[in-house]
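**Q** can't give you the sequence, but here's the structure:
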Ligand code: 9MR
């Protein structure tokens, strides 16, 4: 009888223990970073034990409780702010254990991996410096067909063009101008604020031996491809280079579908103009490694901009494409005001021609918006604010005010939220690609605001988003592959799935919780574990709406993590 009683007690307590979950930043914190861990399942007051690197045992108290507006779960926040000495802290809550790392450069390896990822997803070359991820060449793209939607007199349908290199967009193998240009533009914005940091970053790529920083070399690999996407006859830029339908989950070298360049679009052409103008400016000191590039990029940008002015309504309409029809990603956008703003601002900065400044004024946004492929106005704002002269104009000051208004709005409520972070408190925060577009980009913007105004006011909030991203969240995932104790193993990424290496490429950010669940009907075996906005995530390769990877998302990770890693705290 006694044994039965004991087993019941053991069983009940194990159920109670099993419910307890500790949610924490699994990668690491700066010594002076706020350190909050979140406990779910039961009130852990008096039951949290923290062993310091020197073996001292602490019993911190619960700082506050928070109830999820969606799941109704009560969570308990514990503040470990006082742990400022570097080392590993062992946390034990009723048998649930984890280690918190406090280090001088906690984000260094991850920042590097997030940038090096772009090497691993290069298209049109054999990967030979990828260790276990080496692979033979695929998608040479030297035989790309002009789709009927892109046909001109000089390049009729079926014309063969060469359009090699560039990065694969995402889990799929296509190359999309809108997203490519935005990705580089976002990373350039980060580069401009932390040039010394980026110039020293080494990512062990084929170009590492030259005089150009690895960061810029990596951007050049995609810029080279982008240049081939401009029609030399009229300056317009093809919207994308694509197969008619998505390929299966096979390696690049095994792909057989024909590849096309399709219709030119005003948004692709303007994004191209913006990024080429930036590239022309930023590559000026590296002419020896890239002779002729500055002139070529300047001309390409100016011609593209003119084409866009002549075709302001040339929006991409995939449904109109036939022979063949195309079903791959659209990056469709029916408003080009933000693209006009970025491109004209970048071109003014490069050329100082008054007509570009006049256009930039005309397209100036009403408010600051988080940068995303669909709204690039923030990249235009950064052009103004990073330019000493432009920044002090009335327009520059207005743009700065808009940025600060955005920041104030973003951080409201963080201190009473479920996970103590600006990101993750509204259901609107979650959606396709939210970890990049909302979490990382928001944090990056907060850090930029600090940098531009010479304060450290928002750094704390940006770090809170890092905590969220790296494990202090509703699913307990560290959403960057290869880092943390529990990170995605099955992203919707063709190479990672087909390469026979168990671990996916390291340093990839997945899209994250997405209550839209647009992939639900296509899933054969996977089932979302929850419909709550912040738990609507599944680590399954079938889930393209919550578990894919993409260059714009990794670009936001690079922008955020590199800026964080450059902080001294
Ligand atoms: O990132 C894009 C997201 O904002 C859109 O909601 C979604 C659906 O149109 O498409 C995402 O982009 C995908 C692209 O179209 C094709 N390659 C994979 C991209 C990431 O899922």
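**A** Happy to help now that I have it. All figures in this text were calculated on a predicted structure; none of them were measured in a lab.
**Q** okay, CA-based contacts and neighbour counts for the rest of this
**A** Fine.
**Q** how about low-confidence regions in the protein?
**A** Counting by pLDDT under 70, the ranges of the chain that qualify are 1-18.
**Q** again, only using 90
**A** For the chain, residues meeting the criterion pLDDT under 90 lie at 1-19, 81-82, 568-569.
**Q** In three-state terms, how would residue 207 be classified?
**A** Here residue 207 is coil, with the state taken from DSSP: H, G, I helix; E, B strand; the rest coil.
**Q** Pretty sure residue 247 sits against residue 258.
**A** No - with contact defined as CA atoms under 8 Å, residue 247 does not reach residue 258; the gap is 10.6 Å.
**Q** more crowded one of the two?
**A** A direct count of neighbours by other CA atoms under 10 Å for residue 247 and residue 258 places residue 247 higher, at 18 against 14.
**Q** Please tell me how far the more buried one sits from the ligand.
**A** 12 Å (CA to the nearest ligand atom, to the nearest Å).
**Q** quick one: contacts for that residue?
**A** Neighbour list for residue 247: 172-173, 255, 257 [criterion: CA atoms under 8 Å, 6 or more residues apart in numbering].
**Q** Tell me where this protein has strands.
**A** With DSSP state E as the criterion, the chain has strands at 21-23, 36-40, 48-51, 57-58, 62-67, 74-79, 87-93, 96-102, 144-146, 160-161, 175-176, 240-242, 260-261.
**Q** Including mean neighbour count, could the ones you listed go into a markdown table?
**A** A markdown table is the format used below for the strands of the chain (neighbours: other CA atoms under 10 Å):
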| stretch | mean neighbour count |
| --- | --- |
| strand 21-23 | 22 |
| strand 36-40 | 23 |
| strand 48-51 | 20 |
| strand 57-58 | 14 |
| strand 62-67 | 16 |
| strand 74-79 | 21 |
| strand 87-93 | 19 |
| strand 96-102 | 19 |
| strand 144-146 | 23 |
| strand 160-161 | 16 |
| strand 175-176 | 25 |
| strand 240-242 | 25 |
| strand 260-261 | 28 |
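**Q** Quick one: closest of those strands to the ligand.
**A** Proximity to the ligand, assessed across the strands of the chain by CA to the nearest ligand atom, is greatest for strand 175-176 (8.1 Å).
**Q** neighbouring strands for the closest one, and are they parallel or not?
**A** In the sheet, strand 175-176 lines up against strand 240-242 (antiparallel) (DSSP bridges).
**Q** Taking this protein, what residue is nearest to the ligand?
**A** For the chain, CA to the nearest ligand atom, closest residue to the ligand: residue 329, 3.1 Å.
**Q** Need phi/psi at that residue.
**A** Backbone torsions for residue 329, taken as degrees, to the nearest 10, come to phi -50, psi 150.
**Q** for it, what are its contacts?
**A** By CA under 8 Å, 6+ apart, residue 329 has no neighbours at all.
**Q** was I right about residue 316 contacting residue 335?
**A** No - Residue 316 lies out of contact with residue 335 (CA under 8 Å); the separation is 10.8 Å.
**Q** These two - which one has more neighbours?
**A** Set residue 316 next to residue 335 and count neighbours by other CA under 10 Å: residue 316 wins out with 23 against 15.
**Q** Tell me how far the residue nearest to that one when sequence neighbours are not counted lies from residue 415.
**A** Using CA to CA, 6 or more residues apart in numbering and skipping the chain neighbours, the partner closest in space to residue 316 is residue 265 (5.4 Å). Going from residue 265 to residue 415 by CA to CA, to the nearest Å gives 44 Å.
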